[in-house]
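Novice: what shape does this take:
(one chain, ligands or ions: 1)
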Amino acid sequence: MRILPVLAAATLSSTLIAAPASASTPVLGPTAYGYGGGIATVDATATAAGLDVLRHGGNAVDAAVAAAATLGVTEPFVAGPASGGFFVYYDAKRHTVSTIDGRETGPATMTPTYFIDPADGLPYDFQEARVSGLSTGVPGALAMWDDALRQWGTRRLPGLLRDAAAVADRGFVVDAQFRQQITDNLAAFGQFDSTKALYLPGGAPPALGTIQRNPDLAATYRQIARQGIGAFYRGPIGADLVKTVQHPPVSSNPVGTWAYPIRPGVLTMDDLAAYRVRRPAPTVSDFRGLKVYGMSTPSSGGTAVSEALNILEKVDPSPADVTQVLHTYLEASALAFADRGRYVGAYTPNEVLKKLASDRWAAQRACQISPAKAMAKPVGPGDINASGCTPAPATATPDNGLSTTNMTVTDRWGNVVEWTFTLEQFGGNGMVVPGRGFMLNNELTDFNFTPTQGAFPDPNLPGPGKRPRSSMSPTIVLKQGKPFLALGSPGGASIITTVLQILLNRVVLGMPLPDAMAAPRASQRNTAGIQAEPAFHTQYGPALTDLGHTFGPDMAELGAATAMEFTRHGGIIASAEPVRRGGGAAGVVHPSR
Ligand code: GLU
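Specialist: Predicted coordinates:
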């Protein structure tokens, strides 16, 4: 969470958690109660930008794009013009849920062996693939911002970009999170002159408390404001992006040592020009009388969340027995991950997706869960062509990153935006496009580099113009046709389990939303050990170990979620993390406490 002396604290409506550092510093807490619209993001400046739009008559989509463009400035290692993501939207007037797929696409020349080193026939190491031109896909961010505004917004992109450009010019205060993200990536960032110039002043991460400005990004935003997104997809900004991919700006005077050659990529201007957002129907399933809407392929989030919830519903552990609830959650997510690995990729047929999200499939899978003993992991996927309890041989599914960002927004009319976007790893492929001020994504490393499913086809191998499988899980839950909850999180594949666990905490265990967000997390993604936050391990580890679960490795943090609950009479609870990733920022237009 960063705070910025941009807006007077008095103009913001939020829960104050600390005295403002100065009269001009907005301080937004992790939870805000009230009505008339609200927003939760990881970052106070972005939340303030969205709230400002809501307060001046903008709707949830306007506010969301304002916040996203601002996050491109203040969270430049997860967001910005070269990111991609998934947008889920509840339209209050039409009572419909729609989505935008703004995921990156691979180059037209991409083949299944794209990440295989021709010199030795072996897959590249992850970091070698990441910090290269090969990992960058055509970004969906700007097309997604533009599409969302054109479909549902009342503001246009140029004005919102100009506001974000002003933030980039003014700058923000470097906090511990920001500095740490640079420190963690020192060797990768240190290989490129353009990245060094922006984020390693004098060869080291910027000092805490200094002001981080980005005039190149301000100029990029203003150029797009003037010329439209064609300046990016078919114009000079895209040309600079392609040049960076094809000729990485490798420094002759690097900071730190990088263990790998830095390989150029093959993305072209034609690839950029061919980019289109998609508008797939959301996934939908029933859970305890609620309708759960999520993101369809190329994200696996919607089907995996639906499948695990359906299995939980089938087993139906008593809420009074927290150990059984958690045991069932862990087993259900292991099964859902096995099926995700076997069946879900960009081109999974609709009938398969529907089957995975169905109650019948949940029954076929839930039959393997015993209340007395955890299954040995990894578990096999189910046989999609069979009926009955028929697991296939188990295969491991590789994992992905830990970065990304999420926001939740609503407006006075009751529209809801749930949106997750990312560069994949913190700092993407490590390259700032020279003169343009934004970083490139490494989203294509979300493909499997080699087949993972033994004799079965792998649904997530690279292919021409293909979008890599994601775990992003922006989710909107309706109760009797009206919004009840909206939530999402970063965290690579653990996004799915974080979303599941917050839903479990709120809906099954009955925790108030802020507690459901704050509760310690654990993630079982069909691996031998459960990844758990230390507090979860301490609190529930002994009882779950008795049931045969194995823990390890522990993770300091899982996820950095945002969420919203819609209460009676138009009330909202906007909720961000109290602690994880430095704490998030929630605000509402009219606070009620
Ligand atoms: N690239 C990942 C995905 O799409 C997200 C990365 C992360 O959250 O760290 O699933």
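
Novice: gap between the closest residue in space to Arg103 that isn't next to it in sequence and Val138?
Specialist: Using Cβ to Cβ, 6 or more residues apart in numbering and skipping the chain neighbours, the partner closest in space to Arg103 is Arg467 (4.4 Å). The way it works is simple: take the backbone N, C-alpha and C, and place the C-beta from them, glycine included. From Arg467 across to Val138, the span is 10 Å (Cβ to Cβ, to the nearest Å).

Novice: can you check which residues contact both of those two?
Specialist: Taking Cβ atoms under 8 Å, 6 or more residues apart in numbering as the contact criterion, the residues that touch both Arg467 and Val138 are 104-105.

Novice: in the stretch 201-350 of the chain, which residue sits nearest the ligand?
Specialist: Of the stretch 201-350 of the chain, the residue with the smallest distance to the ligand, taken as Cβ to the nearest ligand atom, is Ser299 at 7.1 Å.

Novice: check what pLDDT the closest residue in space to that residue that isn't next to it in sequence gets.
Specialist: For Ser299, ignoring the flanking residues on the chain, the nearest one in space by Cβ to Cβ, 6+ apart is Ser470 at 4.2 Å. In the prediction, the pLDDT value recorded for Ser470 is 97.

Novice: likewise Ala386?
Specialist: Confidence at Ala386, expressed as pLDDT, is 88.

Novice: and Ile3, by the same measure?
Specialist: According to the prediction, Ile3 has pLDDT 41.

Novice: show me what from the stretch 351-500 of the chain comes close to the ligand.
Specialist: Among all residues of the stretch 351-500 of the chain, those adjacent to the ligand (criterion: Cβ under 6 Å from any ligand atom) are 400-404, 422, 424, 443, 446, 470-472, 490-492, 495.

Novice: so the residue of the stretch 201-350 of the chain closest to the ligand touches Gly85, yeah?
Specialist: No - because the distance of 9.3 Å does not satisfy Cβ atoms under 8 Å, Ser299 is recorded as not touching Gly85.

Novice: which residues are common contacts for those two?
Specialist: Among the neighbours of Ser299, those also in contact with Gly85 (Cβ under 8 Å, 6+ apart) are 103, 472.

Novice: burial check on Arg226, number of neighbours?
Specialist: 11 (other Cβ atoms under 10 Å).

Novice: secondary structure element for it?
Specialist: Using DSSP states H and E, Arg226 falls within helix 215-227.

Novice: list the buried ones in that helix?
Specialist: Along helix 215-227, these residues count as buried under the neighbour rule (16 or more other Cβ atoms under 10 Å): 216-225.

Novice: what about stretch 326-338 and the ligand, touching?
Specialist: No - Stretch 326-338 lies apart from the ligand when judged by Cβ under 6 Å from any ligand atom; the minimum separation is 12.8 Å.

Novice: quick one: average pLDDT of that stretch?
Specialist: Stretch 326-338 shows an average pLDDT of 97 in the prediction.

Novice: which parts of that stretch are buried?
Specialist: Of the residues in stretch 326-338, those buried by neighbour count under the rule 16+ other Cβ under 10 Å are 326-338.

Novice: what of stretch 429-448?
Specialist: For stretch 429-448, by 16+ other Cβ under 10 Å, it's 429-434, 436-448.

Novice: and for stretch 355-374?
Specialist: By neighbour count, with 16+ other Cβ under 10 Å as the criterion, the buried positions of stretch 355-374 are 355-357, 361-362, 364-369, 374.

Novice: tabulate the residues you listed (JSON lines), appending pLDDT and secondary structure.
Specialist: Written out in JSON lines, the entries for these read as follows (pLDDT from 0 to 100; DSSP: H, G, I helix; E, B strand; the rest coil):
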{"residue": "Lys355", "pLDDT": "96", "secondary structure": "helix"}
{"residue": "Leu356", "pLDDT": "97", "secondary structure": "helix"}
{"residue": "Ala357", "pLDDT": "95", "secondary structure": "coil"}
{"residue": "Trp361", "pLDDT": "96", "secondary structure": "helix"}
{"residue": "Ala362", "pLDDT": "96", "secondary structure": "helix"}
{"residue": "Gln364", "pLDDT": "94", "secondary structure": "helix"}
{"residue": "Arg365", "pLDDT": "96", "secondary structure": "helix"}
{"residue": "Ala366", "pLDDT": "96", "secondary structure": "helix"}
{"residue": "Cys367", "pLDDT": "94", "secondary structure": "coil"}
{"residue": "Gln368", "pLDDT": "93", "secondary structure": "coil"}
{"residue": "Ile369", "pLDDT": "96", "secondary structure": "coil"}
{"residue": "Ala374", "pLDDT": "97", "secondary structure": "coil"}
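
Novice: nearest to Asn415, of the residues you listed?
Specialist: Among the buried residues of stretch 355-374, Ala357 lies closest to Asn415 (Cβ to Cβ), at 24.7 Å.

Novice: wait, that closest one touches Asp286, no?
Specialist: No - if you go by Cβ under 8 Å, Ala357 and Asp286 don't touch, sitting 9.8 Å apart.

Novice: any low-confidence regions in this structure?
Specialist: Where the chain drops to pLDDT under 70, the residues are 1-27, 392-393, 395-402.

Novice: got the residues of it near the ligand?
Specialist: Counting by Cβ under 6 Å from any ligand atom, the residues of the chain near the ligand are 400-404, 422, 424, 443, 446, 470-472, 490-492, 495.

Novice: farthest-apart pair in those residues, please.
Specialist: Glu443 and Gly491 (15.5 Å).

Novice: from the ligand, how far off is the spatially closest residue to Ala518 that is not a sequence neighbour?
Specialist: Spatially, and ignoring its direct neighbours in sequence, Ala518 is nearest to Pro578 (5.2 Å; Cβ to Cβ, 6+ apart). Pro578 is 20 Å from the ligand, where distance means Cβ to the nearest ligand atom, to the nearest Å.

Novice: what's Pro578 sitting at in phi/psi?
Specialist: The phi and psi torsions at Pro578 (degrees, to the nearest 10) take the values phi -70, psi -30.

Novice: counting neighbours, what do you get for it?
Specialist: Number of residues near Pro578 (other Cβ under 10 Å) recorded here: 15.

Novice: what sits against it?
Specialist: Under the criterion of Cβ under 8 Å, 6+ apart, the contact partners of Pro578 comprise 30-31, 514, 517-518.

Novice: try it again with 10 Å
Specialist: 17, 29-31, 514-515, 517-518, 584 (Cβ atoms under 10 Å, 6 or more residues apart in numbering).

Novice: now swap in Ala63 and tell me
Specialist: The neighbours of Ala63, taking Cβ under 10 Å, 6+ apart as the test, are 37-39, 47, 49-56, 153, 155, 160, 407, 409-411, 415, 417, 589.

Novice: which helix or which strand is home to it?
Specialist: Taking DSSP H and E as the definition, Ala63 sits inside helix 60-74.

Novice: now the angle from that helix to helix 215-227?
Specialist: 150 degrees (axes from the mean of the first three to the mean of the last three Cα atoms, to 10 degrees).

Novice: list the buried residues in stretch 144-152.
Specialist: For stretch 144-152, using 16+ other Cβ under 10 Å, the buried residues are 144-149, 152.
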